[in-house]
Every structure is written in structure tokens, then in C-alpha cells.
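Participant: model this:
(one chain, ligands or ions: 1)
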Amino acid sequence: MTVIDQIKEATISGLSKKVKVLVQEALDAGFKVEDIIGQGFIPAMEIVGEGFKKGEIFIPEMLVAARAMQGGMKIIEPLFAPGERKYIGKFLIGSVHGDMHDIGKNLVGMLIQGSGFEVIDIGVDVTAAQFISAIREHQPQLVGMCALLTTTMREMEVNIKAIQEAGIRDQVKIIIGGAPITQSFADQIGADAYASDAGAAVEICKGLVAS
Ligand code: B1M
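Facilitator: Below you'll find the predicted structure:
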């Protein structure tokens, strides 16, 4: 088994310390960072996301795998010169105004990062004005909004209207999710997509940038 295969296996198993050691080993042995990501982390997170969708892997295991990947990525990221890393797209994500829940948001962000996107996480309790200024600053193709409360899910509609009024709706595809969100709610408020879980979010985001 190559060191890259070992990185993949250790990531799936959520072995953070082992992943860091293996990443350093791979770099010392002259492996390219692209291979560590493309043949190690991305397939690992694909397997984890797929397993989650099928009900074979649960949230805690998915979280430790995603954290293991992020630990390894921290070693690799400084090695990229600014603008050098090739991403499949840029994804901006935040929990809407009034909503402090971030476990699902973090999971979605980490899995999307693991699938090859650049992820800009703008945190929780994000107002429409903050979404707009972050879109202007970071120019993402995709914007993800999360809400866990029935009282805050309406903020998504407020945000979409504000983004429209700001004249930047055509620049972004908006994907929404969170426990109280449904496809019919997404249709009703004019979101481009809804994902029921983090694995589905990855597939949908890949489809949105390809379309
Ligand atoms: Co809160 N809370 N909470 N809470 N909390 C819920 C959501 C609740 C259902 C509990 C209950 O009463 N049974 C309830 C909401 C009721 C409702 O609105 N109908 C509730 C409430 C009422 C509250 C407070 C108002 C309680 C109070 O203070 N009186 C308060 C509100 C705070 C606020 O936001 N302003 C509050 C506070 C908290 C804590 C701070 C204690 C904590 C949050 C910690 C944190 O996030 N850092 C907390 C927690 C942990 C929960 C529960 C127990 C778990 C939520 C969670 O993290 N789930 C939750 C009850 C429950 O769901 N069983 C509850 C795990 C997470 C991985 O799932 O976030 O659904 P989830 O994400 C999934 C999918 O939804 C999807 O993918 C994820 C992974 O597959 N997904 C997306 C999520 N975002 C997506 C975005 C996408 C696509 C998919 O695209 C962009």
C-alpha cells in the first residue's frame, strides 16, 4: 500500500494524528500535494459521503474523518502559492441570521472542501447584508445557507430577495439545507437547490458547477 493509500485509509478511519504523520511522510518522500489531495483526501471523503448517504456511516464518524482531512490539509495548504491551487469551484457558506447552530454547516463545508471546492465559511448568525458583502468580496459560484430553526428558515427568503435586489442573483447558485428545510420550501423561496444531508450537498454542488 502506498503512503497515499494509507492517507486515504487513515482519513476514512478519522485517525487525525496518523494522517498528519503520513502527509509529512508523503511530502518528505517527494509526493505531489495534488496527489495527496486528489488520490488521498478526495476519494476518502467521497467514500465517507457515500457511506453516510447509504446509512452505513454516521455523523460522528463523518465528523472525525472530515477533521482528519482538515488536519492534513493544514500541513499542505502553506505549500501552495496564492492562487496556485486548482479548485473545482468556490462555495460560500453560512448559518442565517438568528441561527447559531453550526454542526451541520461545518460538516457540509468540510465535505464540500474534501470534494475539491474552495470553501469560505462566514460563520453563524449571518445577515443578508453580510451574505451580500461576502459574495462581492469572494465571488463564489455557489452560496450555501443553513437554518436549523423554524423561526430562522424565513431568513433564507429574506437573503435571496436581498441578493436579487443587490443585482448579484445571477452570479451565484443558492443551495439551502438544515433540519426544517424541504425541497418544496426551496422551490417556494426561489433557491436553486436543496440538499437533505452533507453527502447530497456534495453531489448537488458538483452538478451545479458543471451545469
Ligand atoms: Co438547538 N434546536 N436550539 N441547539 N438543537 C434544535 C434544532 C431543535 C430541533 C431541538 C428540539 O427542540 N428538538 C430546536 C428547533 C425547533 C424548531 O425550530 N422547530 C432547537 C432549539 C429550539 C434551540 C434553541 C432555541 C433552544 C433555546 O435556547 N431555547 C437555541 C437556539 C439558538 C440559536 O440558534 N439562536 C438552540 C441552541 C442549541 C445549542 C447551542 C445548545 C446547540 C447548537 C450547537 C452548535 O451547533 N454549535 C443545539 C443543538 C446541538 C441542537 C440539536 C440537538 C442538534 C443539531 C445538530 O447539530 N444536529 C437539534 C435537535 C436535533 O436536530 N436533533 C436542535 C446534527 C447536524 C449534523 O445535523 O444540522 O440537521 P443538521 O445538519 C444536517 C442536515 O440538516 C444537512 O446536512 C447536515 C449533515 O447531514 N444540512 C445541510 C445542514 N445544513 C445544510 C446546508 C446545506 C445542505 C445540507 O446546504 C447549504
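
Participant: buried set for the longest helix along the chain?
Facilitator: Longest among the helix segments of the chain by residue count, using DSSP state H, is helix 59-76. For helix 59-76, burial by neighbour count (16 or more other Cβ atoms under 10 Å) applies to 61-73, 75-76. Just so you know, the C-beta spots here come from the backbone N, C-alpha and C atoms, and that holds for glycine as well.

Participant: Determine how far that helix lies from the middle of the whole chain.
Facilitator: 12 Å (Cα atoms, centre = their mean, to the nearest Å).

Participant: With only the CA atoms kept, save the next helix or strand after that helix in CSV.
Facilitator: Counting by DSSP states H and E, the next helix or strand C-terminal to helix 59-76 is strand 90-95. What follows is strand 90-95, C-alpha atoms only, in CSV (Å, rounded to 0.1, in the frame of the first residue of the first chain):
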residue,chain,number,x,y,z
LYS,A,90,-15.8,28.3,-4.8
PHE,A,91,-18.5,27.7,-2.2
LEU,A,92,-19.5,30.3,0.4
ILE,A,93,-21.5,29.0,3.4
GLY,A,94,-23.1,30.5,6.5
SER,A,95,-25.9,29.9,9.0
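
Participant: ok, then the element right after strand 90-95?
Facilitator: helix 103-114.

Participant: what packs against that next one?
Facilitator: Helix 103-114 sits against helix 42-53, helix 59-76, strand 90-95, strand 118-121, strand 142-146, helix 198-210, with contacts defined as 3 or more Cβ pairs under 8 Å, 6 or more residues apart in numbering; DSSP states H and E.

Participant: Any part of the longest helix of the chain near the ligand?
Facilitator: Yes - shown here: helix 59-76 in contact with the ligand (Cβ under 6 Å from any ligand atom) through I59.

Participant: Does Q183 touch A195 like I think?
Facilitator: No - counting by Cβ atoms under 8 Å, Q183 stays clear of A195, with 9.5 Å between them.

Participant: higher neighbour count, the two?
Facilitator: Using other Cβ atoms under 10 Å, the more surrounded residue of Q183 and A195 is A195, with 21 against 13.

Participant: which residues sit in contact with that one?
Facilitator: By Cβ atoms under 8 Å, 6 or more residues apart in numbering, the contact set of A195 is V108, I175, G177, A201, E203, I204.
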